[in-house]
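Asker: Got a predicted model here, sequence first, then my questions.
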Amino acid sequence: MNVLVIGCGRLGVRLAAMLDERGHEVVVVDESAGALERLPDSFSGQSITGMPMDMSVLRSAGIENCDAVAVVTPDDNLNITISQVAREFFHIDNVVARISDPMRERVFAAFGLHTVCPTKMACASLYNALTEPWESRELTFGTATVSFRVWAADHMVIGQPLSKVPHFQDETVFAVVHRNGRLELADAVSKEQEITMGDHIILASIAD
């Protein structure tokens, strides 16, 4: 995709670098030239210094030919304004905006904007880590949902090969999380690898 990233703070840098590493065409805009210097040396995209609210800056960044725009400045008000400009003026359908204040999510939703709230995500991750570290999860990719069930290895299977992990017919062994926190994907280890005390087995199945 051709992606325009507005904002070159820590989140913008990481997002731009990830998109670039995975083969997307990336342009980053920030009003601070110093902020753009944070981009890694390996970054092969373009960087433009200028006010992101300036239409001429957006045009010079190629917004009219973009497939997607990510607005990730630290300013929620600026993010909502630029997102609206990208959608309503430049007719970009795929616009994602960062929002730091969870209380403002309704404002963004009222404008039909897709938002990501790092504050809310971090809070949920911390809560799960503290209270439900091995809770089962469901993830949706497009229109398909995958269910991940976590099973703590008990004494009945300690010393047995991974291939002997008990599971339902529609499940497959996805990964092993060892006692030290290291995760290994099942495809990357031998099916004959022995299960050890403290292992947690992640089992995956298609939910719909």
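Answerer: Good, I have the coordinates. In this text the structure is predicted, and so the values were computed from the model without any measurement.
Asker: quick one: residue 69 and residue 106, what's the gap?
Answerer: Going from residue 69 to residue 106 by CB to CB, to the nearest Å gives 22 Å. All C-beta spots, glycine's among them, are computed from the backbone N, C-alpha and C.
Asker: Which one's more surrounded, these two?
Answerer: It is residue 69, of residue 69 and residue 106, that has more neighbours when counted by other CB atoms under 10 Å, with 27 against 8.
Asker: mind checking pLDDT for the more buried one?
Answerer: We have a pLDDT of 96 for residue 69.
Asker: got the contact list for the helix or strand containing it?
Answerer: Using DSSP states H and E, residue 69 maps to strand 68-71. The contact list for strand 68-71, computed with CB atoms under 8 Å, 6 or more residues apart in numbering, reads 1-7, 12, 15, 52, 63, 78-79, 82-83, 86, 92, 94-98.
Asker: all strands for the protein, in order.
Answerer: 2-6, 25-30, 46-49, 68-71, 94-98, 114-116, 137-141, 144-152, 172-177, 183-185, 200-206 (DSSP state E).
Asker: any idea which of those strands scores lowest on pLDDT?
Answerer: strand 137-141 (a mean of 78).
Asker: From the contact counts, what lies against that one?
Answerer: strand 144-152 (3 or more CB pairs under 8 Å, 6 or more residues apart in numbering; DSSP states H and E).
Asker: Measure how the strand it packs on sits relative to strand 137-141, angle-wise.
Answerer: Angle, strand 144-152 to strand 137-141, by axes from the mean of the first three to the mean of the last three CA atoms, to 10 degrees: 160 degrees.
Asker: Any buried residues in strand 144-152, and which?
Answerer: 147-151 (16 or more other CB atoms under 10 Å).
Asker: Which strands and helices lie in contact with it?
Answerer: strand 137-141, strand 200-206.
Asker: could you give the angle of the first one to strand 200-206?
Answerer: This means strand 137-141. 40 degrees.
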